[in-house]
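J.: next comes the sequence, and after it the predicted model I'd like to discuss.
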Amino acid sequence: MNGMLVLDPFAPAPPPPGNLALLRVSRRAMATTFEVAIPYGTPNALAAAEAALDLIDQLEEQMTVYRESSEVSRLNETGRADEMEPQLFALLQRCATLTRDTEGAFDVACGALVKCWGFFKREGRIPTGTELNAAMARTGFRHVILNAETCGVRFSRPGVELNLGAVGKGYALDRAAELIRTEFGIRSALLHGGGSSVRAIGRPPTDFRGWRVSIRHPHDDRRTLGSVYLDDEALGTSADTYQYFEYNGRRYGHVLDPRTGRPVGGTRSASCVAPTAADADAISTAFFVAGPEWTADYSRTRGHLRAVVLGEAEAPATHNLRADQYDPPGVRDPG
């Protein structure tokens with residue numbers, strides 16, 4: 001393989017590697033497939049990959065809202081936690097900052113909305129006006145109070161629920177990348193969760209530009225929106241490719257606008273390259289929610305971010321991408 005991964009969890013196994021051979025280890029977690037790819041010949045590669053996936057399993061146990069025993073589920077049930085695990089608490093602090101920074105386009109205190117629209121059980125439905133208003137009254141990080149001294153969290157009103165679906169995979173990849181870098185000395189690897197969340201460690205030995213990662217077209221598996229190069233960076237992509245329902249001939253996707261309480265329209269796919277996978281996931285969600293024009297303004301003042309956004313038009317818009325960081329759209333390379 002030449003350092004490029006087309007991230008499609010439903011694709012068959014890649015052909016025999018070319019000038020860069022990769023050890024690829026995968027596992028199901030968080031309702032998707034996580035994979036760790038490390039160049040062959042790297043010492044302790046298999047042990048590192050398995051340790052990374054073990055950690056992702058542990059983080060799912062901590063963050064999932066689909067198991068009553070998780071730390072986040074217990075917080076949602078009781079409305080308070082006197083002392084959360086410090087790194088999870090730090091993630092919530094980052095979420096609070098990103099919610100303010102994106103003017104509410106990203107907000108993990110949206111569990112009530114997710115349930116209102118039926119997406120919690122993947123049984124999409126149109127809520128009544130009364131149901132939607134009630135859910136909106138219990139939505140928003142403004143209802144979440146963080147105590148930095150004790151790592152405590154409490155909700156200011158009953159019924160608020162956190163759902164880390166828009167940031168959890170990226171956070172898990174960041175933690176896994178940190179683990180294999182610090183404990184196993186890995187300096188070159190690529191980790192991803194379902195293709196929509198990607199974390200690069202260093203760059204491949206065969207390409208000084210970084211790991212080449214293709215962004216899938218949200219509704220046409222034969223096409224891509226181009227490829228980006230990641231060098232100690234992360235990529236997050238938000239789209240409604242798989243989770244949606246149709247009602248009266250209209251498509252309703254699972255990405256909800258926390259500001260209006262309704263499914264997002266007008267954006268087909270939004271990708272963000274950022275220093276961490278948690279930020280890339282969160283900000284790509286904000287890009288998807290707020291749309292191409294807002295994304296352009298937001299990116300213009302943040303040179304450390306890069307963006308590829310597909311709106312209603314077929315041509316994706318790019319921001320902060322140089323020619324050596326981005327390959328234009330084309331038919332997906334099968335290798």
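T.: Looks like it arrived, so ask away.

J.: is it true that Thr295 touches Leu310?
T.: No. The pair Thr295 and Leu310 fails to qualify as a contact (Cβ atoms under 8 Å) at a distance of 10.9 Å. In short, each C-beta sits where N, CA and C put it, glycine included.

J.: now do the shared contacts for those two.
T.: 270, 317 (Cβ atoms under 8 Å, 6 or more residues apart in numbering).

J.: between those two, which one's more packed in?
T.: Here Thr295 and Leu310 are compared on neighbour count by other Cβ atoms under 10 Å; more neighbours surround Thr295, at 27 against 23.

J.: and the nearest residue to the more buried one once chain neighbours are set aside, which of the three is it?
T.: For Thr295, ignoring the flanking residues on the chain, the nearest one in space by Cβ to Cβ, 6 or more residues apart in numbering is Phe287 at 4.4 Å. Three-state assignment for Phe287 (DSSP: H, G, I helix; E, B strand; the rest coil): helix.

J.: for Phe287, what are its contacts?
T.: Each residue near Phe287 by Cβ under 8 Å, 6+ apart is listed here: 105, 238, 267, 270-272, 294-295, 298, 307, 309.

J.: next one: Leu190
T.: By Cβ under 8 Å, 6+ apart, the contact set of Leu190 is 5, 36-37, 198-201, 204, 211, 213, 230.

J.: relative to Tyr252, which of the residues you listed is nearest.
T.: Relative to Tyr252, the closest of the contacts of Leu190 is Val198; by Cβ to Cβ it sits at 27.2 Å.

J.: the closest one sits in which helix or strand?
T.: In this structure, Val198 is located in strand 197-201 according to DSSP states H and E.

J.: what do you get for Gln62?
T.: Assigned by DSSP H and E, Gln62 belongs to helix 45-63.

J.: whichever helix or strand comes after that helix vs helix 45-63, what angle?
T.: Following helix 45-63 in sequence order, the next helix or strand is helix 71-78 (DSSP H and E). Following axes from the mean of the first three to the mean of the last three Cα atoms, to 10 degrees, one obtains 0 degrees for the angle between helix 71-78 and helix 45-63.

J.: could I get the average pLDDT for helix 71-78?
T.: When pLDDT is averaged along helix 71-78, the result is 98.

J.: list the buried residues of it.
T.: 71-73, 75-76 (16 or more other Cβ atoms under 10 Å).

J.: what lines up beside the helix or strand that it is followed by in the sheet?
T.: Following helix 71-78 in sequence order, the next helix or strand is strand 80-81 (DSSP H and E). Strand 80-81 has its sheet partners listed here by DSSP bridges as strand 152-155 (antiparallel).

J.: if I pick the residue nearest to Gly140 when sequence neighbours are not counted, what's in contact with it?
T.: In this structure, Gly140 finds its nearest non-sequential neighbour in Ala109, 5.5 Å apart by Cβ to Cβ, 6+ apart. Taking Cβ under 8 Å, 6+ apart, we find Ala109 in contact with 99, 139-144, 160-162, 258.

J.: of these, which pair is most distant in space?
T.: Thr99 and Glu161 (15.1 Å).

J.: contacting residues around the helix holding Gln62?
T.: 23, 25-27, 29-30, 34, 36, 38-39, 42, 67, 69-72, 85, 88, 164, 168, 171-173, 175-177, 179-180, 183-184, 186, 189, 191, 193.

J.: rerun that using 6 Å as the cut-off
T.: 23, 25, 27, 29-30, 34, 36, 38, 70-72, 164, 168, 172, 175-176, 179-180, 184, 186 (Cβ atoms under 6 Å, 6 or more residues apart in numbering).

J.: make a ChimeraX selection of the buried ones in these.
T.: A single ChimeraX command suffices to select whichever of the contacts of helix 45-63 are buried according to 16+ other Cβ under 10 Å:
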select :23,25,29,30,34,36,38,70,71,72,164,168,172,175,176,179,180,184,186
